[in-house]
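In: Generate coordinates for the sequence data below:
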Amino acid sequence: MNKFEQLGLNESLLLAIKDLGFENPSEVQEKAIPVLLEQDTDLVALAQTGTGKTAAFGFPLIQKIDANNRSTQALILSPTRELCLQITNEMKQYSKYVNGLHTVAIYGGASITEQAREIKRGAQIIVATPGRMQDMINRGLVNIKNINYCILDEADEMLNMGFYEDIVAILSDTPDDKSTWLFSATMPAEVARIAKKFMHEPAEVTVGTKNSGSATVSHEFYCVNARDRYEALKRLADANPDIFSVVFCRTKRDTQAVAEKLIEDGYSAAALHGDLSQAQRDGVMKSFRGRQIQMLVATDVAARGIDVENITHVVNYQLPDEIETYTHRSGRTGRAGKLGTSIVIITKSELRKISSIERIIKQKFEEKTIPSGIEICEIQLLHLANKIKDTEVDHEIDNYLPAINDVLDGLSKEELIKKMVSVEFNRFIAYYKKKRDLSGEKGDRPERGSEPREIRAGDPVRYFVNIGSRDDFDWMQLKDFLKETLDLGRDDVFKVDVKEGFSFFNTDGEHTDKVMSILNGFSLNGRRINVEISKNEGGGGSSSGRRDHNGRSSGGGFGGGRSSGGGGFGRERSSAPRGGGSGFGPKKESGFGGRSETRSGGFGSDRAPRRTDAPKPEGFSSRAPRRSESFGDSPRPRRPRKD
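Out: Now for the predicted structure:
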């Protein structure tokens with residue numbers, strides 16, 4: 001006897017289940033279906049993404065709908081267009097033997113007039129995204145005042161996307177005596193608030209523990225320098241030749257940049273983010289489902305509702321701002337009972353977040369090291385050998401064998417194997433024999449002999465960057481460049497101090513990963529930018545650290561700390577005596593130490609006396625800084641000539 005029969009489902013549903021090849025219900029289906037069939041009750045069901053929640057509410061809903069009544073009886077709200085269409089498609093498959101039952105999808109990006117026309121023809125079940133649904137209610141194109149059932153699918157995702165007000169407005173337009181079924185992977189405060197406001201003594205079904213991760217997903221993290229994040233991603237992809245993954249980034253800019261780098265480096269990758277048109281999104285998803293794309297680089301919002309089978313890895317290129325979002329990310333793999341791996345690439349300053357995630361998902365992370373070049377080459381070599389062994393021979397080549405034999409005549413079996421393998425394998429050897437080993441470099445490298453401090457979100461962080469006035473920047477132009485490049489707010493970049501060949505600037509600690517990942521390797525007029533965290537944490541001398549609306553320090557001068565010799569544009573604190581001028585004009589400090597040269601452009605333009613014993617600018621030793629190891633061609637800031 002099929003186990004679905006024991007749940008109380010009718011014959012038409014059992015026929016559809018048989019056609020779909022379902023044999024045994026999942027845990028959430030086994031727990032939720034009997035409750036929803038036997039009772040007219042509200043329900044809160046907590047279960048991970050990919051555990052069969054659509055069938056858990058879909059089967060009982062179809063069985064309870066009156067197919068002879070063409071009025072709208074049920075509303076299913078889902079967070080994204082993709083998930084909306086997916087649910088609609090599945091509901092149609094479940095109800096294929098129920099005559100007269102119609103399910104209509106309502107979502108943005110399609111003709112609202114055509115959707116209204118479909119509802120008017122008769123739609124007992126509407127599946128909708130909150131924004132489009134609210135729009136149709138406001139226009140009077142849909143009537144949900146008499147529905148019997150309202151289902152909130154992926155409720156936590158909808159609320160994370162900012163649909164709280166829309167959901168409240170929609171639910172307020174429904175009758176009080178309806179049954180509300182809430183399905184969610186996690187139970188944050190806003191979901192609990194919805195349940196309390198619109199549900200009456202709901203039954204509760206929990207698969208695993210609240211907010212827990214799926215048991216079929218293993219969790220790993222790799223601790224690297226911020227500048228090595230992309231290199232780590234490449235190595236992890238190379239170490240998993242059959243990877244079929246979603247790579248998550250925080251921002252649209254990062255998503256596009258990482259995808260472009262992967263494509264440039266020869267990987268089958270694509271970006272999925274909110275700036276793509278609907279046609280572009282559809283094209284990317286079609287290619288991903290068809291496995292023409294191995295690595296889909298996506299933002300959290302764009303990836304909502306992705307349901308693609310056999311995803312082997314989820315890669316957190318950057319951790320999400322909301323820790324609960326990690327549960328949704330990792331839920332993209334390990335679906336339908338299959339095993340999957342969730343990978344996190346982090347810096348040392350983010351290690352504390354791993355413990356927070358472990359508490360939420362009730363699972364432990366395994367710390368691993370980035371594979372060395374030798375290990376990757378071994379993996380790729382064996383993968384290639386197996387690929388050759390498992391390749392089916394196309395006998396159309398038989399006609400060409402005599403000519404091929406002539407070309408390969410004189411080669412021994414061993415020589416032939418080596419040459420065949422080398423055709424594919426040489427590029428890995430050539431690439432990795434020049435690369436350093438990342439496995440021995442956990443976390444952020446200590447800055448110039450000092451111990452690294454833990455960077456916390458609210459702490460200011462001081463950076464050195466190898467661009468300055470010789471690149472046609474003053475402090476205001478550099479600040480504007482940084483804000484635009486990093487996609488930061490007006491006051492997020494402050495204490496900008498421009499020298500001739502280098503500069504300093506501050507952000508809050510929460511932006512450190514973004515600064516390091518975006519700027520390192522950014523190309524400006526044909527040369528690569530290199531940014532490092534400065535040894536001098538505060539960077540503003542005796543400045544109090546406060547900022548005005550321009551991001552300026554409340555200490556003397558514009559953008560930097562106060563000099564004991566007077567104000568001025570951003571000179572690092574120095575005991576050098578001031579010159580005869582008042583020092584309000586732009587100054588230049590040439591080079592790395594030794595001497596500083598101040599040119600006053602305001603009243604009293606006398607030049608300050610030279611000092612050969614003046615303190616060096618912050619964070620620098622008496623020798624030139626190390627060349628960036630990640631980009632060997634990074635220009636080295638010039639030293640001053642010794643007069």
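In: Ramachandran angles for the closest residue to S71 other than its chain neighbours?
Out: Excluding its sequence neighbours, the residue lying closest to S71 (Cβ to Cβ, 6 or more residues apart in numbering) is N146, at 6.9 Å. For the C-beta atoms, the positions are set from N, CA and C on the backbone; glycine is no exception. Phi and psi for N146, reported as degrees, to the nearest 10, are phi -120, psi 20.
In: and if you look at the one 5 residues further on?
Out: The main-chain torsion angles of I151 are listed as degrees, to the nearest 10 and equal phi -120, psi 130.
In: show me the contacts for it.
Out: I151 sits next to F57, L61, A74, L75, I76, L77, T180, W181, L182, F183 when contact means Cβ atoms under 8 Å, 6 or more residues apart in numbering.
In: Return the backbone torsion pair for the spatially most central residue of the chain.
Out: The residue lying closest to the centre of the chain (Cα atoms, centre = their mean) is C249, at 2.0 Å. Phi and psi for C249, reported as degrees, to the nearest 10, are phi -120, psi 160.
In: Next, the distance between the ends of stretch 282-295.
Out: 16 Å (Cα to Cα, to the nearest Å).
In: Likewise for stretch 195-202?
Out: 8 Å.
In: Give the buried residues for the helix or strand where Q93 lies.
Out: Q93 belongs to helix 81-94 when assigned by DSSP states H and E. Residues of helix 81-94 classed as buried: R81, E82, L83, C84, L85, Q86, I87, T88, E90, M91, Y94 (neighbour count, 16 or more other Cβ atoms under 10 Å).
In: same question for that helix, mean pLDDT?
Out: The average of the pLDDT scores along helix 81-94 is 90.
In: how about it as CSV, C-alpha atoms only?
Out: What follows is helix 81-94, C-alpha atoms only, in CSV (Å, rounded to 0.1, in the frame of the first residue of the first chain):
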residue,chain,number,x,y,z
ARG,A,81,8.2,35.2,-9.6
GLU,A,82,10.2,32.0,-10.0
LEU,A,83,8.7,30.4,-6.9
CYS,A,84,5.2,31.6,-7.9
LEU,A,85,5.5,29.9,-11.3
GLN,A,86,7.0,26.8,-9.7
ILE,A,87,4.1,26.4,-7.2
THR,A,88,1.6,27.0,-9.9
ASN,A,89,3.1,24.4,-12.2
GLU,A,90,3.2,21.8,-9.3
MET,A,91,-0.4,22.6,-8.3
LYS,A,92,-1.5,22.0,-11.9
GLN,A,93,0.4,18.6,-11.9
TYR,A,94,-1.2,17.6,-8.6
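In: per-residue confidence at V493?
Out: pLDDT, V493: 89.
In: That one reaches S503, doesn't it?
Out: No - using Cβ atoms under 8 Å, V493 makes no contact with S503, being 11.3 Å away.
In: wait, isn't I311 in contact with S330?
Out: No - the pair I311 / S330 is not scored as a contact, 10.5 Å apart, by Cβ under 8 Å.
In: between the two, what contacts are shared?
Out: Contacts common to I311 and S330, judged by Cβ under 8 Å, 6+ apart, are G340.
In: can you give me the helices in the stretch 251-400 of the chain?
Out: Secondary structure of the stretch 251-400 of the chain (DSSP state H, counting those that start in this stretch): helices at 252-264, 278-289, 300-303, 325-330, 351-361, 373-390.
In: and if you look at the stretch 51-200 of the chain?
Out: Under DSSP H, counting those that start in this stretch, the stretch 51-200 of the chain gives helices at 53-64, 81-94, 112-121, 130-138, 155-160, 164-172, 189-198.
In: picking that back up, ok, the residue nearest to S71 to Q124 distance?
Out: Distance of N146 to Q124, computed by Cβ to Cβ, to the nearest Å: 12 Å.
In: between the two, who's got more neighbours?
Out: Neighbour count, other Cβ atoms under 10 Å: between N146 and Q124, Q124 has more, with 25 against 11.
In: okay but the more buried one is in contact with T103, surely?
Out: Yes - between Q124 and T103 there is a contact under Cβ under 8 Å: 7.5 Å.
In: Give me the pLDDT for K442.
Out: 48.
In: for T180, same thing?
Out: 94.
In: Leaving out the residues flanking it, which one is nearest to G100?
Out: A67 is the one closest to G100 (Cβ to Cβ, 6+ apart), at 4.2 Å.
In: What separation do you get for that neighbour and Q73?
Out: 10 Å.
In: Which neighbours do the two have in common?
Out: Common neighbours of A67 and Q73 (Cβ under 8 Å, 6+ apart) are Q124.
In: okay, these two: which has more neighbours?
Out: Q73 (22 against 15).
In: ok, that one - contacts?
Out: Neighbours of Q73 in contact, by Cβ under 8 Å, 6+ apart: I65, D66, Q124, I125, I147, N148, Y149.
In: Which of those sits closest to R235?
Out: Nearest to R235 among the contacts of Q73: I125, at 47.5 Å, using Cβ to Cβ.
In: my guess is that closest one meets M91, correct?
Out: Yes - under the criterion of Cβ under 8 Å, I125 makes contact with M91 at 6.2 Å.
In: hey, what's in contact with both of the two?
Out: L61, I76, T103.
In: Type out the ChimeraX command that picks the buried ones from the contacts of Q73.
Out: Burial among the contacts of Q73 is assessed by 16+ other Cβ under 10 Å; the matching ChimeraX selection reads:
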select :65,124,125,147,148,149
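In: Could you export the contacts of Q73 to CSV, including columns for pLDDT?
Out: Below are the contacts of Q73 laid out as CSV (pLDDT from 0 to 100):
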residue, pLDDT
I65, 94
D66, 93
Q124, 95
I125, 96
I147, 95
N148, 95
Y149, 95
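In: That's all I had, so thanks and see you.
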